[in-house]
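Engineer: the amino acid sequence is not available; the structure is as follows:
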């Protein structure tokens, strides 16, 4: 029996210990659920680690993780991570457009090189942007104006995922549309100064 002077194992230690003791070869949804249940059993109901947290702990420990959600970065080898890590931003319209432009450039390079892993990772990042923006848009604790903006941003990611080759033409038309300018007057591009001379 463990003495009282020993510290209780951390969530991370329990996750790794249970993963090893059960002989898991990978962590997909079923394995992650089993790890969640074991953590609750050992640490009590107030410990509710998210599947993303468990997957991140396992991935950091070098385990094979076959689980993705909007909060978990996709697993990347060093080659792809060098190009894709840190590309996803959607703080506002400007950062989102910049992020999609960079993702699109990398996606096209991978597509040209017939790198299916690279193209898939670029699309996975865009999907993650869409899902995270949708999550913020649905969160009642987020400011209503910000929620409206995130709904629009989620739509940008959706359109890029559906028609990447036409996306930037679509985006220019979208930003010039009456609906967009009515919904987001602050995002309206500055009008050029009038060149009409007064008589």
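Structural biologist: Nice, thanks for sending it over. Note that the structure is a prediction, hence the values are computed from the model and not measured. Numbers count the residues shown, from 1 in each chain.
Engineer: so residue 87 sits in a helix?
Structural biologist: No: the assignment for residue 87, made by DSSP: H, G, I helix; E, B strand; the rest coil, is coil rather than a helix.
Engineer: residue contacts, it?
Structural biologist: The contact partners of residue 87, taken as C-beta atoms under 8 Å, 6 or more residues apart in numbering, are 99, 102, 103, 106, 125. Where C-beta positions appear, they are placed from N, C-alpha and C, glycine not excepted.
Engineer: ok, 10 Å please
Structural biologist: Taking C-beta atoms under 10 Å, 6 or more residues apart in numbering, we find residue 87 in contact with 98, 99, 100, 101, 102, 103, 105, 106, 122, 125, 126, 129.
Engineer: now residue 48
Structural biologist: Applying C-beta under 10 Å, 6+ apart, we find residue 48 in contact with 36, 39, 40.
Engineer: and the gap between the first one and residue 144?
Structural biologist: Residue 36 sits 34 Å away from residue 144, going by C-beta to C-beta, to the nearest Å.
Engineer: and the pLDDT for the one residue sitting closest to the centre of the chain?
Structural biologist: A centroid search over the chain (C-alpha atoms, centre = their mean) returns residue 128, at 3.2 Å, as the residue closest to the centre. pLDDT, residue 128: 88.
Engineer: same question for the one 10 residues further on.
Structural biologist: Here the pLDDT value assigned to residue 138 is 92.
Engineer: tell me the contacts of it?
Structural biologist: So residue 138 contacts 147, 150, 151, 154 (C-beta under 10 Å, 6+ apart).
Engineer: hang on, the third one packs against residue 134?
Structural biologist: Meaning residue 151. Yes: contact criterion C-beta atoms under 10 Å: residue 151 and residue 134 qualify, at 7.6 Å.
Engineer: more neighbours: which of those two?
Structural biologist: residue 134 (18 against 15; other C-beta atoms under 10 Å).
Engineer: give me the buried positions along the helix or strand encompassing that one.
Structural biologist: Counting by DSSP states H and E, the element that carries residue 134 is helix 116-137. Neighbour counts over helix 116-137 (16 or more other C-beta atoms under 10 Å) mark 118-119, 121-134, 136-137 as buried.
Engineer: how distant is that helix from the center of its chain?
Structural biologist: In terms of C-alpha atoms, centre = their mean, to the nearest Å, the centre of helix 116-137 is found 5 Å from the chain centre.
Engineer: now the helices: where do they sit in this protein?
Structural biologist: For the chain, applying DSSP state H gives helices covering 11-21, 29-43, 51-60, 78-84, 93-112, 116-137, 144-162, 167-176, 178-183.
Engineer: for the record, mean pLDDT for stretch 44-63?
Structural biologist: In the prediction, stretch 44-63 has an average pLDDT of 80.
Engineer: let me know the closest of the contacts of residue 138 to residue 67.
Structural biologist: Nearest to residue 67 among the contacts of residue 138, counting by C-beta to C-beta, is residue 154 at 22.1 Å.
Engineer: re the thing from before, more neighbours: which of residue 36 and residue 144?
Structural biologist: Comparing residue 36 with residue 144 by other C-beta under 10 Å, the one with more neighbours is residue 36, at 18 against 8.
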